[in-house]
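1. Whatever this is, show me its structure:
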Amino acid sequence: MVDLNFLEQVANQIKRNRQQLTDVEDELATVNFRIHEIPLKISTESTFAKMIGEQYVDATQELETAKERLLKEKETLTVKINDDISAFITEFTSPELVIPLEPNPLVADGSTFFRYKNGTTFKNVFDILSELLGLSSPILVKDVMFSPTEIVIKVTDEYEAKQKFLSSINQVQKTLSIKRRKD
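-> Predicted structure coming up:
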């Protein structure tokens, strides 16, 4: 049994690793720039160091070592992110998925509102889900709006709302399954 709480943790990990990957890529760009710059400046820098009585320090080896470390870290993070996205899709498309909704919805303004149990929110789940589906949050599927705080269905009959909810979740799961096969 998988629930949105677990998927929230996976989505949070994806976001954390993506930020770390961005930081590594920025650092790698700086290192690559410095490596590229050394041959252009070596003549001036070494002559200047000699002239002022200092030893010229060639940072090429140190930068190459840093570059190798950063490339390995980038590869590791990329694999982790891809594995986590794959796990997210697998778990979200599982027939065992549990969405912790309050059993008694609120019917108001021509819609049925299902809130998550204990006022829980699932911001990271819906950020990743929106991205995977290519939609903006909140996600709208067949008169059902999925958001981090609630699910809103544009009908007032509770039974019909449940049917639309199940149909929409099924549609989202099918779309994610297709995406998984393409990747």
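
2. by contact count, what packs against the helix or strand hosting Asn82?
-> Using DSSP states H and E, Asn82 sits in helix 60-92. Applying 3 or more Cβ pairs under 8 Å, 6 or more residues apart in numbering; DSSP states H and E, one finds that helix 60-92 contacts helix 4-51, helix 123-133, helix 158-182. Using the backbone N, CA and C atoms, a C-beta is placed for each residue, glycine as well.

3. the domain parsing of this protein - what is it?
-> Here the domain parsing of the chain from automatic domain parsing is 2-92, 100-182.

4. Serialize those to a markdown table and add fields for mean pLDDT and mean neighbour count.
-> Formatted as a markdown table, the domains of the chain follow (pLDDT from 0 to 100; neighbours: other Cβ atoms under 10 Å):
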| stretch | mean pLDDT | mean neighbour count |
| --- | --- | --- |
| domain 2-92 | 90 | 14 |
| domain 100-182 | 90 | 16 |
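
5. just to revisit the earlier point, turn the helices and strands packed on helix 60-92 into CSV, columns for distance to Ala59.
-> Shown next, in CSV, are these (distance: least, Cβ to Cβ, whole Å):
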stretch, distance to Ala59
helix 4-51, 7
helix 123-133, 39
helix 158-182, 44
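
6. The helix holding Asn82: how far from the chain's middle?
-> The chain centre lies 14 Å from the centre of helix 60-92; the measure is Cα atoms, centre = their mean, to the nearest Å.

7. quick one on the thing from earlier: of all the helices and strands packed on helix 60-92, which lies closest to Pro95?
-> Minimum separation from Pro95 across the helices and strands packed on helix 60-92 (Cβ to Cβ) falls at helix 158-182, 8.6 Å.
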